[in-house]
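Visitor: Build me a structure from this.
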Amino acid sequence: IENCELIHQDWQDYLPETPFDIVFSSMTPLLSYYKNIDKMVALARHFLVLVGWAGIRENPFLDKMTQAIFGRGPGKPKSDITLVFAYLYSLGYSPEIEYFIGTWKRTYEIEKQLEKVAWHLEFRRRLTKDERHFIRRELEKLATNGMVTLETRVRTGIVLLRMKDYGHPGSGDHQ
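Guide: Residues are numbered from 1 along each chain as shown. Okay, here's the model as predicted:
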């Protein structure tokens, strides 16, 4: 791809001068806030493409560790693409939505699996050495030849909004 520019900047401070042909956002907590969605709509000249969780993200091992360490289950993802779809629809747009349901199976050595589990848990707070040892012992119980497979059942969704259908200021199709 020759006509793309990578921009690394905090989203809150990002103020481009012109809209983009395509605005694509995937699996980000930015979709939890309507002002971010509004900004994405304003920046999309032709297409807005948003990918996110859609109500299901279940990993029995991770759920068990979350309960054991924090005393409560993981809860639902903070953003849900279905709510993004509904918000866009409430603004008068007619976005399309497609869901994908599947199971991710990931097999890693115990130490790498520990790091992946810890990464998820440390969104809440830093884990203690004892908590990490506890997770390692639980992973060792599941290990075969030093390898551990964990499964995550997921549903994700993709929202597509064709901006040209709305005479969007950047689309060249003013009404």
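
Visitor: and the helix or strand where residue 150 lies, what other elements does it pack with?
Guide: Using DSSP states H and E, the secondary-structure element containing residue 150 is strand 147-162. In this structure, strand 147-162 makes packing contacts with strand 44-58, helix 60-70, helix 81-90, strand 96-109, helix 110-121, helix 129-142, judged by 3 or more C-beta pairs under 8 Å, 6 or more residues apart in numbering; DSSP states H and E. Bear in mind the C-beta positions are built from the backbone N, C-alpha and C, glycine included.

Visitor: which parts of the last one are buried?
Guide: Neighbour-count burial for helix 129-142, counted by 16 or more other C-beta atoms under 10 Å, picks out 131, 132, 135, 138, 139.

Visitor: ok, now how distant is the third one from residue 74?
Guide: Between residue 135 and residue 74 the distance, using C-beta to C-beta, to the nearest Å, works out to 14 Å.

Visitor: ok, now the last one?
Guide: When C-beta to C-beta is applied, the distance between residue 139 and residue 74 equals 17 Å.

Visitor: Need the per-residue pLDDT for residue 4.
Guide: For residue 4, the model assigns a pLDDT of 79.

Visitor: quick one: what helix or strand has it in it?
Guide: For residue 4, there is no helix or strand it lies in under DSSP H and E.

Visitor: burial count for it?
Guide: By the other C-beta atoms under 10 Å criterion, the neighbourhood of residue 4 contains 6 residues.

Visitor: Residue 74 now?
Guide: Residue 74 is surrounded by 18 other residues when neighbours are defined as other C-beta under 10 Å.
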